[in-house]
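Novice: Next input, structure requested:
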Amino acid sequence: MIAKICKRRVKELATLIAVTVSVTALNITSLAAPVVMPDGSFFDAEYYAANNPDVVAAYGSDNADFMYEHYITYGKKEGRLPYAGADKTVAPVQPPQSSTVTIPGLGVPKIPNGSRTTSTDASAYFARSVFVGDSVLAGYRNYLAKQKSSPVSSGIFLAAASYSAAHALNEKDSLHPIYKGKKQPVWTAISQMDVDRIFIMFGTNDLVVKDAAPASDDVLALVDKIRQYNPGKEIHIISMSPVYAGTSKGAMNNPTIKIYNQLLLQGAMERGVYYLDLNSHLLNSNGDLIPKYCSDRYVHQTYASYSEVWDPLFTSYALGE
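Specialist: The predicted model follows:
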């Protein structure tokens with residue numbers, strides 16, 4: 001089922017990226033030349049792979065988007081060069097803010113330098129942010145309610161147990177989070193808020209009933225719906241976090257979660273929205289959720305996870321570090 005759906009996506013995006021899904025892996029062909037990525041940076045996956053064998057050992061040389069994800073998450077801070085001839089201290093000339101950046105096969109609106117890269121106050125940043133998601137995100141909300149010192153505690157949360165992207169897309173669903181005293185679709189609730197950005201995190205309940213591709217399609221359809229009703233607001237997709245070792249319920253297991261997150265990253269690039277990699281910061285050497293960060297030997301997380309991983313990561317992200 002996963003392979004069949006991915007073949008359909010490849011046919012639609014063949015000139016951009018080739019997706020080959022097996023039981024445990026997702027391979028993506030590398031980009032042939034430096035391109036301007038959705039965040040405005042220049043990146044050459046082939047050059048990066050050729051000059052960073054340690055990254056290739058971990059990701060494989062044919063995973064272009066993994067290469068880019070590694071660069072923006074770690075490589076840039078470590079002084080790794082994104083393309084041949086790049087100077088570590090001089091940024092390449094950027095196209096005008098209003099321009100449309102063309103990645104082969106797709107026209108992707110360039111994301112202008114927004115508050116994520118200019119904010120100096122993380123609390124103020126999150127005070128104008130709303131988080132949409134399931135019980136894993138709701139667990140973070142519950143932690144924040146007791147930890148007022150976290151800058152993320154100023155954010156608004158539309159998160160609920162058993163909630164999924166599929167539920168969110170159903171306007172009459174009974175699981176919608178309550179806002180202003182009533183249950184309503186999240187795009188409607190957000191339209192009543194004075195916020196600048198929207199964070200979306202789903203997967204736990206989606207993969208229980210669907211494979212990676214249709215589950216990611218639901219999240220991306222929700223992104224489109226929220227954007228339709230809230231034009232001009234930043235949208236940030238948060239990767240699904242890993243689960244406890246051996247967890248396998250429906251398609252929810254760590255190998256499939258890896259595929260699911262890769263498809264979300266691809267969809268984010270296609271739409272020109274932000275993507276925040278939370279998953280990799282919670283993995284042990286076996287590719288599973290670090291045991292001390294799991295509260296139920298399943299999917300939910302401890303306050304240690306939220307304080308040691310989530311808080312620092314979100315704060316750094318808000319400050320553009």
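Novice: alpha carbons only for contacts and neighbour counts from here, please
Specialist: Noted.
Novice: how about the closest residue to Val299 other than its chain neighbours, what does it touch?
Specialist: Counting by CA to CA, 6 or more residues apart in numbering, Val299 lies nearest to Val243, which is 4.8 Å off, once chain neighbours are set aside. Applying CA atoms under 8 Å, 6 or more residues apart in numbering, we find Val243 in contact with 253-254, 288-289, 294, 298-300.
Novice: In TSV: these, plus distance to Glu234, secondary structure and neighbour count.
Specialist: What follows is the contacts of Val243, written out as TSV (distance: CA to CA, whole Å; DSSP: H, G, I helix; E, B strand; the rest coil; neighbours: other CA atoms under 10 Å):
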residue	distance to Glu234	secondary structure	neighbour count
Asn253	30	coil	22
Asn254	29	helix	24
Asp288	31	coil	21
Leu289	29	strand	26
Cys294	30	strand	20
Tyr298	32	coil	17
Val299	28	coil	20
His300	27	coil	22
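Novice: which one of those residues sits closest to Gln266?
Specialist: Asn254 (18.4 Å; CA to CA).
Novice: out of the contacts of Val243, which one sits closest to Ala45?
Specialist: Relative to Ala45, the closest of the contacts of Val243 is Asn254; by CA to CA it sits at 24.9 Å.
Novice: Pull the contacting residues for that closest one.
Specialist: 242-243, 247, 287-288.
Novice: Those residues: which two are farthest apart?
Specialist: Across the contacts of Asn254 (CA to CA), the longest gap, 12.0 Å, separates Thr247 and Gly287.
Novice: which stretches of the protein have low pLDDT?
Specialist: Along the chain, segments meeting pLDDT under 70 span 1-41, 58-65, 85-120.
Novice: From the recorded domain assignment, give the ranges for it.
Specialist: Per automatic domain parsing, the structural domains of the chain span 1-87+101-110, 116-321.
Novice: any idea which of those domains is most buried?
Specialist: Compared across these, domain 116-321 shows the largest average neighbour count, a mean of 19 (mean count of other CA atoms under 10 Å).
Novice: State the helix or strand in which His176 lies.
Specialist: Of the helices and strands defined by DSSP states H and E, none includes His176.
Novice: Which residue comes closest to it once chain neighbours are left out?
Specialist: Per CA to CA, 6+ apart, closest to His176 is Lys183, 5.3 Å.
Novice: Quick check: Ile190 touching Pro231?
Specialist: No. In this structure Ile190 lies outside contact range of Pro231 using CA atoms under 8 Å: 11.1 Å.
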